[in-house]
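A.B. asks: With the sequence up front, the predicted model follows.
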Amino acid sequence: MSDKATIRAEAARLQAFFTVSGAVPVEADLLQSAETLLDLYGEDIRARAYTTHDPDRGELMLRPDFTVPVVQMHMANGAEPARYTYLGEVFRKQQADSRRASEYLQVGYEVFDRTNPAAADAEVFALFSEVLSPLGLAPVTGDIGILLAAVDSLSTTDRRKRALRRHIWRPRRFRVLLDRFTGRKPAPSGRAALLERAETGLEALIASGGPMIGLRGPDEIERRIRHLQEDAAAEPIGAAEAEVLDVILSLRETLNNAHEQLRDIAVDLPGMSHAVARMARRMDALDQAGVDVAGLPFEASYGRTNMEYYDGFVFGFLAEGQPRLPPVATGGRYDALCRMLGGGREIPAVGGVIRPELVHALHNDLAEGGS
Amino acid sequence: MSLKLAVPSKGRLMEKTFDWFAARGIGMRRIGSDREYAAHVDGADLELLLLSASEIPRELQAGRIHLGVTGSDLVRERIPGWEQVVREMEPMGFGFADLVIAVPRVWVDVDTLDDLDAAAADFRAAHGFRLRIATKYHRLVREFLRDAGVADYQLVDSQGATEGTVKHLTAEAIADITSSGDTLRANHLKVLEDGLIHRSQAILFKSRKADWQPADRATLKNVLAKIGG
């Protein structure tokens, strides 16, 4: 086991690399507003973040990541374009009996630059690739934007697309909805009976439920029933389209091959072409940044289960042959998160984090293996 | 040190626990005054502790007691990774209660978790905050809703009279224990068709964290022989 001082020195070395690359070092509070985090991430954050209480400020959380405070800081007083780096502890509750650390350092690099998103994506990936290169890690890339575009290009109702988009990060739920919208699985039990009763008038139907209580009003109940009626009348998503979506979701290839396949798919699903072109621009930018694009793995579903705020390019660097080890570094584009925190303001952002204690451990392994 | 067994200190749960052990040849009785939390066991070398049912999970987890009788809902809620910490020795056949998700009956469009998820999305868009579910079972409810893929909700803490929170506009739905459903009905709520989170009953638990001396194991063996576990 390495002591904290050694790991901190490793972290400082990593941060120095980002500082030399032009990033401004920034700090963030350890105590973060629980309200903001809950609103962004939902109740699941409570299972992962330590919650504490302040008599005046209310519920607070021990910083589970730097992304939110750094975005907030940038919005409050940042000039664009901006590049930031940070170094500090984050705190995450772990499963009982899991050996994973609940308190560890992160070193991060974030870019807020709206001029050329592809170049910004490539810049972040190339820097991470460079600073981690002595460790021989396995990189992986993905693109949540491709998945979102695939959903958007389905020929179905906007409401169905919204429902699918909303559950991109919950694959199981996404599958249930998709199977229903394609007619592969029936609607939930009771749906038909409800729609039948709705024929005789919504007011009577709602009145039959008893007294009106709670904040969700009769107008909201009525609106949902109308949506259900529209949905029941809508054509199912065609089998061919659903198949294409499955192909995209399970796509695991080299970046070049993946792009070629997606370009072919975009011929039939023209709605995809914008996202596929964006992917091509990123590949060019990666190439220009000196990254070996041809050999880079691409997994369309990478980042779907545990990187919920990313909505574009995503990447990870993994220690091969050590599947139990968390990724050494992860990152991606999170424009939507910035939009939510910015109250509608667009602040395109991409960045990533490294775990210095893993870098340090792998350095040691290499040194021992080499001696 | 003899083997320590904790049982609920009050009410019907205590009486039924005493009855259950008595029927199996282990007599328990309170000693001292009505208000004194002291008890004695006949027929087994057990040290009997009367504790609040809600504190028994913590004592099992800490290994301060060897055996404890409490509701399976409390153990699952209070002990992370409970299967590694305690073992279910014997379901006792009383203290039945279902932890369920309930919504206003007037929500004629919401019968399943699927509906709840869709309603939550619309609710958040309309009101600007996540749909509130009042409960004291935070861990169980959160894990259940995560597995079901329900999003856009938040849990608000409610330690009692949870059924009233919807009417009082402090929550839109609830997750609470019900045995007959009468209180839910009286408060104009209905249980979602697939909203059963856990079917709880009183269980005799064994702590894996307690110090099990050879003598304690021998005592346990005797107890188990009597209760047929």
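C.D. replies: Nice, I can see it.

A.B. asks: Pop the domain breakdown of the chain in here.
C.D. replies: Let's take chain A. Domain segmentation of chain A under automatic domain parsing yields A:4-137+A:319-370, A:158-240.

A.B. asks: Hmm, no, I was thinking of chain B.
C.D. replies: Domain ranges of chain B: B:3-96+B:201-227, B:97-200, per automatic domain parsing.

A.B. asks: Briefly note if the longest one comes near chain A.
C.D. replies: Yes: Domain B:3-96+B:201-227 is in contact with chain A by C-beta under 8 Å from any C-beta of the partner chain, via B:P80, B:G81, B:Q84, B:V85. All C-beta atoms are positioned from the backbone trio N, CA, C, and that covers glycine.

A.B. asks: ok so, going back, and the domains of chain B, which one is worst for confidence?
C.D. replies: For the domains of chain B, mean pLDDT drops lowest on domain B:3-96+B:201-227, to a mean of 91.

A.B. asks: Could you tell me the end-to-end distance of it?
C.D. replies: In domain B:3-96+B:201-227, first residue to last residue: 16 Å (C-alpha to C-alpha, to the nearest Å).

A.B. asks: cool, stretch A:326-338 as well?
C.D. replies: By C-alpha to C-alpha, one end of stretch A:326-338 lies 26 Å from the other end.

A.B. asks: I would like the residues contacting the longest strand along chain B, please.
C.D. replies: Counting residues, the longest strand found in chain B (DSSP state E) is strand B:189-200. With C-beta atoms under 8 Å, 6 or more residues apart in numbering or on different chains as the test, strand B:189-200 has contacts from A:189-190, B:71-74, B:76, B:95-105, B:107, B:110-113, B:115-116, B:137, B:140-141, B:144, B:148, B:163, B:166, B:174-175, B:177-178, B:181, B:184.

A.B. asks: Quick check: B:R146 vs B:N187, distance?
C.D. replies: Using C-beta to C-beta, to the nearest Å, one obtains 27 Å as the distance from B:R146 to B:N187.

A.B. asks: hmm, I was thinking of B:G95
C.D. replies: According to C-beta to C-beta, B:G95 and B:N187 sit 23 Å apart.

A.B. asks: These two: who's more crowded?
C.D. replies: For B:G95 versus B:N187, the count of surrounding residues by other C-beta atoms under 10 Å in any protein chain shown is larger for B:G95: 22 against 19.

A.B. asks: Name the helix or strand for the more buried one, please.
C.D. replies: Per DSSP states H and E: B:G95 is located in neither a helix nor a strand.

A.B. asks: Disregarding residues adjacent in the polypeptide, which is nearest to it?
C.D. replies: B:A202 (3.6 Å; C-beta to C-beta, 6 or more residues apart in numbering or on different chains).

A.B. asks: what number of residues lie near the one you found?
C.D. replies: As a burial measure, B:A202 scores 24 neighbours (other C-beta under 10 Å).

A.B. asks: residue boundaries of the strands in the chain?
C.D. replies: Since no chain was named, I'll use chain A. For chain A, the strands defined by DSSP E occupy A:24-25, A:31-33, A:51-54, A:58-62, A:82-91, A:103-112, A:138-143, A:252-254, A:297-299, A:313-318, A:329-333, A:349-354.

A.B. asks: please go with chain B instead
C.D. replies: Under DSSP E, chain B gives strands at B:3-8, B:27-30, B:39-42, B:46-51, B:67-71, B:86-91, B:97-104, B:131-135, B:153-157, B:173-178, B:189-200, B:202-207.
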